[in-house]
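K.L.:
below are the sequence and a predicted model for it; my questions follow.
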Amino acid sequence: MTLLSVRSDRSLQRSLRPRSFMLAIVASGLILVSCASEPAQSAPTTTQPAPTEAPTTQPAPTPTTQPAPTTIQAAPAPAPVPAPAPAPAPTPAPAPAPAPTTQPAPTATQPAVVNYAFPIQSAKNTGYAHEHHDYPATDIFDVCGATVVSPVDGVVIDLQRVDQFVEKVNDPWTRGGLYVAILGNDGVRYYMAHFRAIAEGLQVGDQVSAGTPVAELGESGNAGACHVHFGISPPCPALEWWVRRGVIWPYPYLDDWRRGVWTSPAPEIEAWVLNHPEACTSYS
């Protein structure tokens, strides 16, 4: 029995209201029980309602149990391998020592460098010959009073300020009149004579440089005109006159010095000494 048939039979309901009411209640309970057990089929409708998109309930994210972070200890970086020390450069074999050169032993009076000068300061009017009477020397002529200079770096070893020459006596010690003797730093003695005057203050033992004024040209002693007697010789241990006046020819050196070529007479003097070992002790 359905609820529709009960409702349509209105007359029956009126006659049987009380009894029917109870039956209806019972029937309704049965219907409800039937409806609960069997789903009611709803009649299909032509118009399908727009499907309501049920909100998608996102499932609660399942907590992912993250594994405890495993700390992976990075393997320690390998210690830097030091670059190999560069191989030491091969030590060159020492150059063979040069064969010793035998140099002449330097003397205290002969330094490595010696300066020279032409003995007349201004040589405009100077003249001299390439000859001399009975021994090697050079007479240099110029105007009286011309400045005479040291021909070399050296030291004054002898001088005479007073003219002691007496013609009748003609002593060879005094023939030079006023003179100056200089021992050069080259070991050579330079003798200059016949001066009119010696430089003021000049004394034995004074150091002089090449070109230092030492006297004025004159005609003292055994001289007939203003000139300077120029002699080159080795020094002797004791005073003498026969060596100091000159033993080698000066003019080749005067020629060079006048041109600015500083040729030294030392080698020629050394050779002369070897050939005349007794020259300082005896006159011949």
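P.N.:
Yes, it's here. Numbering: from 1, shown residues only.
K.L.:
contacts and neighbour counts: CA atoms only from here.
P.N.:
OK.
K.L.:
where in the stretch 51-200 of the chain is pLDDT low?
P.N.:
Residue ranges of the stretch 51-200 of the chain with pLDDT under 70: 51-112.
K.L.:
are we agreed that Asp256 is in a helix?
P.N.:
Yes: looking at Asp256 with DSSP: H, G, I helix; E, B strand; the rest coil, it is inside a helix.
K.L.:
residues near it, how many?
P.N.:
Asp256 has 15 neighbours, counted by other CA atoms under 10 Å.
K.L.:
touching, it and Trp262? I think so.
P.N.:
Yes: judged on CA atoms under 8 Å, Asp256 makes contact with Trp262 at a distance of 6.4 Å.
K.L.:
which stretches of the chain form strands?
P.N.:
Counting by DSSP state E, the chain has strands at residues 127-128, 138-141, 147-149, 154-160, 178-184, 189-198, 207-208, 213-217, 227-233.
K.L.:
against which helices or strands is the third one packed?
P.N.:
Spelled out, it's strand 147-149. If contacts are counted by 3 or more CA pairs under 8 Å, 6 or more residues apart in numbering; DSSP states H and E, strand 147-149 sits against strand 213-217.
K.L.:
contact partners for Val228?
P.N.:
Asp139, Ile140, Phe141, Met192, Ala193, His194, Phe195, Leu217, Gly218, Glu219 (CA atoms under 8 Å, 6 or more residues apart in numbering).
K.L.:
quick one: pLDDT of it?
P.N.:
Looking at Val228, its pLDDT stands at 97.
K.L.:
would you check how far apart it and Leu274 are?
P.N.:
Here the criterion is CA to CA, to the nearest Å. By it, Val228 lies 29 Å from Leu274.
K.L.:
which segments of this structure make up each domain?
P.N.:
3-37, 127-275 (automatic domain parsing).
K.L.:
how long is the longest one end to end?
P.N.:
End-to-end distance for domain 127-275, by CA to CA: 31 Å.
K.L.:
again with stretch 196-207
P.N.:
With CA to CA as the measure, stretch 196-207 spans 22 Å from end to end.
K.L.:
any buried residues in it, and which?
P.N.:
Buried residues in stretch 196-207, counted by 16 or more other CA atoms under 10 Å: Arg196, Ala197, Ile198, Ala199, Leu202, Gln203, Gln207.
K.L.:
and what of stretch 204-224?
P.N.:
Neighbour-count burial for stretch 204-224, counted by 16+ other CA under 10 Å, picks out 207-223.
K.L.:
please apply the same query to stretch 148-167.
P.N.:
Residues 148-157, 159-160, 163-165 are the ones in stretch 148-167 that count as buried (16+ other CA under 10 Å).
K.L.:
cool, and stretch 223-232?
P.N.:
Within stretch 223-232, the residues that count as buried by 16+ other CA under 10 Å are Ala223, Cys226, His227, Val228, His229, Phe230, Gly231, Ile232.
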